[in-house]
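Q: Requesting a structural model of the entry that follows:
(one chain, ligands or ions: 1)
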Amino acid sequence: MIHIHKYEKWWIGLTILMLVAFATLVGVAAFSKGFQVPEPWMRVDPNTVKDSGAFSDANLGLHELAPGKYEAYLLAQSSPWRFYPSELSIPVGSTVTFYVTSVDVQHGFRIQDTNINLQILPGQVSKATYTFEKAGEFPYVCGEYCGVGHQGMFGKIVVK
Ligand SMILES: [Cu+2]
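A: All right, here's what the predicted structure looks like:
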């Protein structure tokens, strides 16, 4: 029988307790608080993603799928540093699923006062869904330093 010192047992117990506590918190956040792990939705070729399909000029922005249900396609880009489109307008209570990708370097997509904060990588489409219950303006910004024009990468969602 191995002898385990009394203090060692306390630390083992404390460690197990912390693991159980953190696992419980993650479970509660995921199933009752709407916590979402940023999801790499699909792969695309960053060199041709603008040319046709979901991220072509004609398709960028909002699409209404059903009353109050939208999907939004956004493109992040350097030089000039900006999001396409830089403004979205929706009615109060709308649920929007965002699909965002980059054509060049790593960017971020963070919408203020929401739980949306995505890493945007070239070649990958990131996806997240949010329901806008309150009217107002929700600015979105690039959350990853992406070059000299980084501070100019912003836009807004107008909810009315
Ligand atoms: Cu950026």
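Q: Can you get me a residue count around A66?
A: By the criterion of other CB atoms under 10 Å, A66 has 7 neighbours. Every C-beta, even on glycine, is put in place using the N, C-alpha and C of the backbone.
Q: Just checking: what are the partner strands of the lowest-mean-pLDDT helix or strand in the chain?
A: Every helix and strand of the chain was ranked by mean pLDDT, DSSP states H and E. The lowest is strand 39-43, at a mean of 82. Here strand 39-43 is paired, per DSSP bridges, with strand 124-131 (antiparallel).
Q: in the strand it pairs with, what counts as buried?
A: 124-128, 130 (16 or more other CB atoms under 10 Å).
Q: One more: stretch 86-102?
A: By 16+ other CB under 10 Å, the buried positions in stretch 86-102 come out as 88, 90, 94-102.
Q: hey, where'd the helices end up in this structure?
A: 6-32 (DSSP state H).
Q: quick one: P67 and the ion, what's the gap?
A: From P67 over to the ion the distance is 33 Å, taken as CB to the ion, to the nearest Å.
Q: How many residues are close by that residue?
A: P67 sits with 8 neighbouring residues when counted by other CB under 10 Å.
Q: Which residues of this structure lie near the ion?
A: Contacts of the chain with the ion, taken as CB under 5 Å from the ion, map to 107, 142, 146, 153.
Q: Could I get the pLDDT score of the residue nearest the centre of the chain?
A: With distances taken as CA atoms, centre = their mean, the residue of the chain nearest its centroid is L118 (2.9 Å). L118 is assigned 92 on the pLDDT scale.
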